[in-house]
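> What shape does this take:
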Amino acid sequence: QVQFVDSGGGLVQPGGSLRLSCAVSGFPINIYHMSWYRQAPGKERELVAFISNSGGSINYADSVKGRFAISRDNTKSTMNLQMNNLKPEDTAVYYCYAKRVLGPTAYWGQGTQVTVSP
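Model (predicted):
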C-alpha cells in the first residue's frame, strides 16, 4: 500500500524558514524521481523543485532558486524541502510527487499548507 506523509508546513513570517518532509512507503523510492509542487488559491499547480532518483540531478523553479533546497535520503524513504527567506507569494499547499523513472507510474502526497504572512 502506497502511503505518503507530507509534513512541516505552517504559518511563518516573511523572511522566515520552514522545512517540509515527505516520508513514503509501499514503493521503492530509489527508482522514482521526486518533486515538490505547490498550488496557491486560484492558481494552477506548479513545479517547485525536482530531484532525480539518485539525487544527482536537481532543478528549481526560477522563483525559488537560491532560497529553497531539495534533498532526499533513499535509505529512509524521505524527501525534504528546506525553504528560507520565505515570501508571501510562497503561500500555497505543497505536494510531494513521485514519478517512476521508467514507465508512467506516479503518486501524489496529500499536501501540506504553507502560509507566509506578517
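> Just the element for the nearest residue to residue 16 once chain neighbours are set aside, please.
Leaving aside its chain neighbours, residue 16 sits nearest to residue 86 (5.4 Å; criterion: Cβ to Cβ, 6 or more residues apart in numbering). Bear in mind the C-beta positions are built from the backbone N, C-alpha and C, glycine included. Assignment of secondary structure by DSSP states H and E places residue 86 within no helix or strand.
> burial measure for residue 86, as a count.
Burial of residue 86 is recorded as 22 neighbouring residues (other Cβ atoms under 10 Å).
> quick one, phi/psi of residue 31?
Main-chain dihedrals, residue 31, degrees, to the nearest 10: phi -110, psi 20.
> what about it, how many neighbours?
Residues near residue 31, counting by other Cβ under 10 Å: 15.
> How about the one 3 residues further on?
Counted with other Cβ under 10 Å, the burial measure for residue 34 works out to 23 neighbours.
> Buried residues of stretch 43-51, list them for me.
Across stretch 43-51, burial judged by 16 or more other Cβ atoms under 10 Å covers 48, 49, 50, 51.
> Low-confidence stretches in this protein?
For the chain, no stretch has pLDDT under 70.
> Can you pull up the most central residue in it?
Per Cα atoms, centre = their mean, the C-alpha nearest to the average position across the chain is that of residue 36, at 2.7 Å.
> what does the helix or strand where residue 50 lies rub up against?
Residue 50 is located in strand 46-51, with elements delineated by DSSP H and E. Here strand 46-51 makes contact (Cβ atoms under 8 Å, 6 or more residues apart in numbering) with 33-39, 57-61, 64, 68, 70-72, 79, 81, 94.
> what about residue 76, is that helix, strand or coil?
coil (DSSP: H, G, I helix; E, B strand; the rest coil).
> Quickly note the distance from it to residue 24.
Going from residue 76 to residue 24 by Cβ to Cβ, to the nearest Å gives 10 Å.
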